[in-house]
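1. sequence and predicted structure are below.
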Amino acid sequence: RMRRVLILLLLAAATAAMRQQAAGIEGKLMCGEKPAIGVHVKLWDEDSGPDPDDVMDEGYTDDNGVFRLQGSETELTPIDPVFKVYHDCDDGIMPGQRKVKFKIPNSYISAGGVPRRIFPLGILNLETIFPKEERNYL
């Protein structure tokens, strides 16, 4: 009986230690001199260890190549927000899509469900060859 109470107390303490954290990013994607229209963008919380990665928000660039994503996760440790872009800019007939990712600085992580500051990525030309670029075949 005492063991059950202790387990419940530990569970309650762990739950109370979980905290909601938010992040966001905005910017404009170009493919050369033209806006990168309809590019799939995602904001992830990348986790190490047994906790799976979580999609915090996703969307597509508009007719001007502009996007804005924001989201939140409840975690015991600080979230690790990562911005991912899935695109075909300067890709010829290669199967799948080019995938690039950027870590959002910790100073843009806010407590609560809505980010207080949105990371301004600026204008990014997707013709750039990024180090550690991957391919996405989904």
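-> Ah, there it is. Numbers count the residues shown, from 1 in each chain.

2. so what secondary structure elements neighbour the host helix or strand of residue 67?
-> Using DSSP states H and E, residue 67 falls within strand 66-75. Judged by 3 or more CB pairs under 8 Å, 6 or more residues apart in numbering; DSSP states H and E, strand 66-75 is in contact with strand 19-31, strand 40-45, strand 54-60. Where you see a C-beta, it was placed from the backbone N, CA and C, and this is true even at glycine.

3. against which helices or strands is the longest one packed?
-> Based on contacts counted as 3+ CB pairs under 8 Å, 6+ apart, the elements that strand 19-31 packs against are strand 40-45, strand 66-75, strand 81-87, strand 110-111, strand 119-125.

4. send the alpha carbons of that strand over as CSV?
-> Taking Å, rounded to 0.1, in the frame of the first residue of the first chain, the C-alpha atoms of strand 19-31 are listed here in CSV:
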residue,chain,number,x,y,z
ARG,A,19,6.5,22.2,-18.9
GLN,A,20,5.0,23.5,-22.1
GLN,A,21,7.5,25.3,-24.3
ALA,A,22,7.0,27.1,-27.6
ALA,A,23,9.0,28.2,-30.6
GLY,A,24,8.4,29.7,-34.1
ILE,A,25,10.1,30.6,-37.3
GLU,A,26,9.3,32.8,-40.3
GLY,A,27,11.0,33.7,-43.5
LYS,A,28,11.0,33.6,-47.3
LEU,A,29,12.3,30.8,-49.5
MET,A,30,13.5,31.4,-53.0
CYS,A,31,14.7,29.2,-55.8
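
5. many thanks, have a good one.
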